[in-house]
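Enquirer: following is a predicted model, sequence given first.
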Amino acid sequence: MTKVQLLNQITAALDADLAVLATAARFAHEAATHEECIPDNKYDTTALEASYVAQGQANRAQEIRRALESYRVLELREFDDETPVRLTALVILEDEEGEARRVFLGPEAGGLKIADGAEEIVVITPQSPLGRVLLGKVVGDQLQAGMGGTRKTFTVVEVC
């Protein structure tokens with residue numbers, strides 16, 4: 001998969017998430033303002049709870065809009081074996097057991113998984129633990145990622 005195709009799939013996934021979230025936020029808002037949610041007494045918090053859900057969904061929708069804007073203006077960079085990893089790098093990492101893992105260093109939407117045939121590409125951000133240690137690395141460099149006893153050593157196999 002090319003990086004342009006990857007970028008298109010990321011924005012398509014974010015667009016789909018935004019559409020679902022917008023619908024859910026609309027229903028949550030309607031529920032919060034519905035006449036059946038009018039409190040019967042001071043202990044009835046149904047409307048308040050529904051408004052919290054609606055606000056949370058509205059906040060998440062705003063985050064997705066911000067991520068979409070970041071990806072729409074993102075300029076893809078070219079990398080070779082000597083170019084340090086930075087934003088828009090598609091990196092193949094290999095762990096001690098020889099398992100390969102592909103990650104894309106993007107500005108937002110960390111954790112998003114994009115299918116590429118039988119494999120997947122995981123979007124990470126520079127603020128993530130893996131993103132922080134990956135920045136500046138070049139092909140052949142090793143890095144450690146994970147927490148506590150689950151730390152793994154990875155080798156940067158390819159950057160494109």
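Expert: Yes, it's here. Numbering: from 1, shown residues only.

Enquirer: quick one: the helices in the protein?
Expert: 3-33, 46-72, 129-134 (DSSP state H).

Enquirer: so which of the ones you listed comes closest to residue 102?
Expert: With Cβ to Cβ, the closest approach to residue 102 among the helices of the chain belongs to helix 3-33: 9.7 Å. Placement of C-beta: from N, CA and C, glycine included.

Enquirer: quick one: the nearest residue to residue 110 once chain neighbours are set aside from residue 111, how far?
Expert: Nearest-residue entry for residue 110: residue 125, 4.1 Å, with adjacent residues in sequence omitted and distances by Cβ to Cβ, 6 or more residues apart in numbering. From residue 125 across to residue 111, the span is 9 Å (Cβ to Cβ, to the nearest Å).

Enquirer: looking at these two, which is more packed in?
Expert: Per other Cβ atoms under 10 Å, whichever of residue 125 and residue 111 has more neighbours is residue 125, with 18 against 9.

Enquirer: hang on, isn't the more buried one packed against residue 107?
Expert: Yes. Taking contacts as Cβ atoms under 8 Å, residue 125 lies within contact range of residue 107: 6.7 Å.

Enquirer: show me the shaky parts of the protein.
Expert: Applying pLDDT under 70 to the chain flags the ranges 31-34, 36-47.

Enquirer: I'd like to know which elements the longest strand along it is packed against.
Expert: Counting residues, the longest strand found in the chain (DSSP state E) is strand 152-159. With contacts taken as 3 or more Cβ pairs under 8 Å, 6 or more residues apart in numbering; DSSP states H and E, strand 152-159 sits against strand 90-95, strand 142-145.
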